[in-house]
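Asks: A predicted structure for the sequence below; I have some questions about it.
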Amino acid sequence: MEASSGGCTCGQIQYSIGGPALQLVACHCGMCRRMTGAPFSSYLVVKEAQFDVTAADDSLASYAVTERATRHFCRRCGTPVFNTNPHTYTGLVMLYLGTVQGHETLVPGVAIFCEDKLPWVSLPEAAKPFAAAPRR
Ligand SMILES: [Zn+2]
Ligand SMILES: [Zn+2]
């Protein structure tokens, strides 16, 4: 899955991806809905070592969503840009799909927390469904 760059709505935060993305995940958990305001969220998973972010001023802010998961967003425009969870997903960065340049052509390979999925949301055929989160 190829993607090489992205950024927030106002452009203060830009990032580059130096290798192929590992997976595109659709997450249907209730926390993602609250965090994004959207019916579900989609994350492009990339290696932290291949991820570079540049932020103008102090525009990159973060919020500890849980003890383990941190959400990184633009303080200026409010765009959620990526999540990190070094305990559970060591060495990985979860990019919010809508911030990825060229995301229109990417399709989720897995869907997680499908138990909590809104009934009117349908999964793409390519996505392997998991009731909760798959073990790594
Ligand atoms: Zn911004
Ligand atoms: Zn979620």
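Replies: Noted; the coordinates are in hand. Since this is a predicted model, take the numbers as computed values, not measurements. Ligands and ions are numbered 1, 2, ... in the order given.

Asks: low-confidence ranges in the protein?
Replies: For the chain, applying pLDDT under 70 flags the ranges 135-136.

Asks: what residues are up against the residue nearest to residue 1 when sequence neighbours are not counted?
Replies: Distance criterion CB to CB, 6 or more residues apart in numbering; nearest residue to residue 1, sequence neighbours excluded, is residue 21 at 4.3 Å. For glycine as for every other residue, the C-beta is placed from the backbone atoms N, C-alpha and C. Taking CB atoms under 8 Å, 6 or more residues apart in numbering as the contact definition, residue 21 lies against 1-3, 44-46, 106.

Asks: dump those into CSV; add secondary structure, neighbour count and distance to ligand 1 as well.
Replies: Shown next, in CSV, are the contacts of residue 21 (DSSP: H, G, I helix; E, B strand; the rest coil; neighbours: other CB atoms under 10 Å; distance: CB to the ion, whole Å):
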residue, secondary structure, neighbour count, distance to ligand 1
1, coil, 14, 25
2, coil, 10, 24
3, coil, 21, 19
44, strand, 25, 18
45, strand, 18, 22
46, strand, 24, 20
106, coil, 16, 22
